[in-house]
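In: Fold the following and give me the result.
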Amino acid sequence: MSEINPVMIDFDDSFESSRLLIRAPRFGDGPAVNEAIVESLDQLKPWMPWAQSAPTEEQSEINIRQASLAFQERSNLRLMLTDKHSGRLIGSSGLHRINWDNRSFEIGYWVRTSEAGKGYITEAVHAITEFAATQLAANRIEIRCDSLNTPSANVARRCDFTLEGILRQSCRNTQGELEDTMVFSKVRGIELDAR
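Out: As a prediction, the model looks like this:
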């Protein structure tokens, strides 16, 4: 059986939930992403290694352009979460740590501070899970988070992901200390419906 080059896998680069347009990053998204990161830096800093200092607008645009290229290569599928009516960036999510052979993915996410607590990330994770199951034929979808990151773990629970276990002292947190990582998942035939 010959392997399919992921670049040849076709799927939509945007889809919607009830309130959100969820789409691939585009050249020019940098300023909106920069604004959201700068607004949310204090809340992101404990959990996100990339949010230890405020990026410049140019750095955010470079990062977005790299993310857009990675999306086209199918090596990392970052997704922008925007309000369908206002067009305002709510946050970012995506499918990471992709293994196309196994069709396994990890969902990551963050929300800008002014939009936290409104259910946007839960809504996005439901939609992205459905997208991965139907369009990408996902066999496994994970959510991983620091065991102290209660809001992130609560999203996984609200979206009916199963806690498989806790990887003790599995990596270093943003302060350089060893942390425990919670691993949640959905798998084909159990939580992911056969399609």
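
In: which helices and strands does the host helix or strand of residue 66 pack with?
Out: Using DSSP states H and E, residue 66 sits in helix 57-73. Packing partners of helix 57-73 (3 or more CB pairs under 8 Å, 6 or more residues apart in numbering; DSSP states H and E): helix 30-44, strand 77-83. In this view, the C-beta of every residue, glycine as well, is placed from N, C-alpha and C.

In: list the buried ones in it?
Out: 60-61, 63-65, 67-68, 70-71 (16 or more other CB atoms under 10 Å).

In: which sections of the protein are below the confidence cut-off?
Out: 1-2, 194-195 (pLDDT under 70).

In: so where do the helices sit in this protein?
Out: 30-44, 57-73, 120-135, 150-158 (DSSP state H).

In: In CSV, list the ones you listed along with distance to residue 22.
Out: Converted to CSV, the helices of the chain look like this (distance: least, CB to CB, whole Å):
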stretch, distance to residue 22
helix 30-44, 15
helix 57-73, 12
helix 120-135, 6
helix 150-158, 15
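
In: Looking at the ones you listed, which is nearest to residue 7?
Out: helix 57-73 (6.0 Å; CB to CB).

In: what comes into contact with that closest one?
Out: By CB atoms under 8 Å, 6 or more residues apart in numbering, the residues outside helix 57-73 that reach it are 6-7, 13, 24-31, 33-34, 37, 55, 76-78.

In: same thing but 10 Å
Out: 5-7, 13, 23-38, 50, 53-56, 75-80, 92, 94-96, 98 (CB atoms under 10 Å, 6 or more residues apart in numbering).

In: Send me that helix as PDB with only the CA atoms.
Out: In PDB, the C-alpha atoms belonging to helix 57-73 read as follows (Å, rounded to 0.1, in the frame of the first residue of the first chain):
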ATOM      1  CA  GLU A  57       3.000  43.200  14.800                       C
ATOM      2  CA  GLU A  58       5.700  42.100  12.300                       C
ATOM      3  CA  GLN A  59       6.500  39.000  14.400                       C
ATOM      4  CA  SER A  60       2.900  38.100  14.500                       C
ATOM      5  CA  GLU A  61       2.500  38.500  10.700                       C
ATOM      6  CA  ILE A  62       5.600  36.300  10.100                       C
ATOM      7  CA  ASN A  63       4.200  33.700  12.400                       C
ATOM      8  CA  ILE A  64       0.800  33.800  10.600                       C
ATOM      9  CA  ARG A  65       2.500  33.400   7.200                       C
ATOM     10  CA  GLN A  66       4.400  30.400   8.500                       C
ATOM     11  CA  ALA A  67       1.200  28.900   9.900                       C
ATOM     12  CA  SER A  68      -0.500  29.500   6.500                       C
ATOM     13  CA  LEU A  69       2.300  27.700   4.700                       C
ATOM     14  CA  ALA A  70       2.200  24.800   7.300                       C
ATOM     15  CA  PHE A  71      -1.600  24.500   6.700                       C
ATOM     16  CA  GLN A  72      -1.000  24.200   3.000                       C
ATOM     17  CA  GLU A  73       1.700  21.500   3.600                       C
END
